[in-house]
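[1] The sequence and its predicted three-dimensional model are supplied below.
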Amino acid sequence: MNALTDKIARGSILLSSLILLSGCATGRKYRIPRNQKPEIVRMETTGYCKCGKCCGWERNWKFQPVIAYGPTKGKPKAVGITASNTVADWGTIAADTRYYPFGTIMYIPDYGWGRVEDIGGAIKGMHIDLYFPSHRKALEWGREWKTVKIWKPR
């Protein structure tokens, strides 16, 4: 009887662990409106990270990160901070905010859940950029066309 009780206890601990781990891999929670059906769009996806190659920054002579090109070239750059002033992490999506405003929630097959929190100079129209923790992982993702589920904020 004692062995059976131990098995039940271990099984309930395992079940509790699975319930806690379900959802987004980052622990981020996205609230999807129950009465809103997703828009389903086939779009181009690419990967990016917070490195200078992906985000257009370099180090100045003081070894500080600065914007590498454009009208604000040489201005200080907060590395890893998005255009919506959040910290870039798995699930951060860069999009054309004319089509997908900040706060738009998306489900991308093979990537998972994400929210539009960033913009990018080369991100136009039906194209999104998915955040990865390393440049290598962003390059591994490459350029893929995916059927994406989209919930825009109201």
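    Structure's in. What do you need? The model shown is predicted, which means the values in this text are computed figures rather than measured ones.

[2] quick one, helices of the chain?
    Secondary structure of the chain (DSSP state H): helices at 2-21, 52-55, 135-141.

[3] Worst mean pLDDT among the ones you listed?
    Among those, helix 2-21 carries the lowest mean pLDDT, at a mean of 44.

[4] lowest average confidence, helix or strand, in the chain?
    helix 2-21 (a mean of 44; mean pLDDT, DSSP states H and E).

[5] what number of residues lie near Gly112?
    By other C-beta atoms under 10 Å, the residues close to Gly112 number 16. To be clear about C-beta, it is placed using only N, CA and C from the backbone, and glycine gets the same treatment.

[6] Would you check that it makes contact with Ile93?
    No: assessed by C-beta atoms under 8 Å, Gly112 is found out of contact with Ile93, at 10.9 Å.

[7] which regions of this structure sit below the pLDDT cut-off?
    Scanning the chain for pLDDT under 70 picks out 1-28.

[8] Strands along that one, start to end?
    Assigned by DSSP state E, the chain shows strands spanning 39-48, 57-59, 65-67, 92-95, 105-108, 112-118, 127-131, 143-151.

[9] most tightly surrounded among the ones you listed?
    strand 92-95 (a mean of 26; mean count of other C-beta atoms under 10 Å).

[10] which residues does the closest residue to Thr82 other than its chain neighbours contact?
    If the residues on either side of it in the chain are set aside, Thr82 comes closest to Asp118, at 4.0 Å by C-beta to C-beta, 6 or more residues apart in numbering. Applying C-beta atoms under 8 Å, 6 or more residues apart in numbering, we find Asp118 in contact with Thr82, Ala83, Ser84, Ala88, Thr92, Ile93, Ala94, Ala95, Asp129, Tyr131.

[11] Same check on Cys54?
    Taking C-beta under 8 Å, 6+ apart, we find Cys54 in contact with Tyr48, His135, Ala138.
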